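Visitor: from the sequence below, what's the structure:
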Amino acid sequence: MHTKLIEFQNTKDQNLRGILTLPSDEIKKGVICLHGFERCATTEKKFKEFVDRLAEEMIATLRFDFSGCGLSDGDFKFTTIEKQGEEFFYAIKKFEEKIENHEFSVIAHSLGACVLANQIENIREKIKKIILIAPALNQKNLLRYWFVASQMKRSNPNVEITWDNYKNYFNEEEFQKDCAKNDKMTKTNYINSEYFLSGKDFDFSDRFQENNNVLHVHGDKDLVVPIKSLNVEFKNQIIIENGDHDLEKPNQMEQWMQKGVDFLLE
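Guide: Numbering: from 1, shown residues only. Alright, predicted model coming up:
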């Protein structure tokens, strides 16, 4: 197995970086890893362990970070799903150069599933298999759910907000005003209104209605992206017992990782 840092640019001439992992023998196929909101594919445990297993099967991988995340340049403030979709497209071109146009698959976590959905019509014929981990496809309702949970944590922390009750506390007018605010603070960054305004009415579930080549992995205790948020039924599915949103704890990865590798090898 060989690994190396690679760089390529987005439309803003910002350097994006990723880790290319090549098997020690002839490449059979490839896999690209897409991380979630404010995460980084280059260093997340689940991606690192997954690509190590794939290398043993002679599968090349690219786990890269979107602009403003991880190893890549840029300001996270200007993130949008569309912008990340464009960066994903450039990553594909770079990866195809490295693996000499072998077929490739995609594994996407959380918001990464929306990024994949953003480009799916342009690349559907290229992709062999897809693994979606806790896909945040229903942005329309998830953004409203997260808004209520955030508001209630400040105003009445004794109330537990769930997917089943958030609409009881939701105010559309207040939500729209909140979406229009600039320089909102995330966990580690500022982010502009364009991210929320461009995504608040999208549900990408319809992009995966035909999903025979998709494996859906989801934790049954995922409070960030509840499994009930999905408006699509996946034919191939692994529900992780006591699984959270990241699915990186050893007892959680034991439930899905090797099955994910086997799915890509089929």
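
Visitor: and the helices in the stretch 101-250 of the chain?
Guide: 111-123, 139-155, 172-179, 193-199, 250-265 (DSSP state H, counting those that start in this stretch).

Visitor: can you give me the angle the third one makes with helix 139-155?
Guide: Our comparison of helix 172-179 with helix 139-155, counting by axes from the mean of the first three to the mean of the last three CA atoms, to 10 degrees, yields an angle of 90 degrees.

Visitor: could you report the pLDDT at H102?
Guide: At H102, the pLDDT value in this model is 84.

Visitor: and for it, the neighbour number?
Guide: 16 (other CB atoms under 10 Å). The C-beta positions use only the backbone N, C-alpha and C, and glycine is treated the same way.

Visitor: please renumber the chain so that the first residue is 18 from this point on.
Guide: In the new numbering, first residue 18, that becomes H119.

Visitor: residues contacting the most centrally placed residue in the chain?
Guide: Residue closest to the mean C-alpha point of the chain, counted by CA atoms, centre = their mean, is G129 at 2.0 Å. By CB atoms under 8 Å, 6 or more residues apart in numbering, the residues touching G129 are L51, H52, G53.

Visitor: please identify the helix or strand for the last one.
Guide: What that stands for is G53. Assigned by DSSP states H and E, G53 belongs to neither a helix nor a strand.

Visitor: look up how far L264 lies from the residue nearest to it when sequence neighbours are not counted.
Guide: Nearest non-adjacent residue to G53, counting by CB to CB, 6 or more residues apart in numbering: S127, 3.1 Å away. Remark: distance between S127 and L264 (CB to CB, to the nearest Å) = 10 Å.
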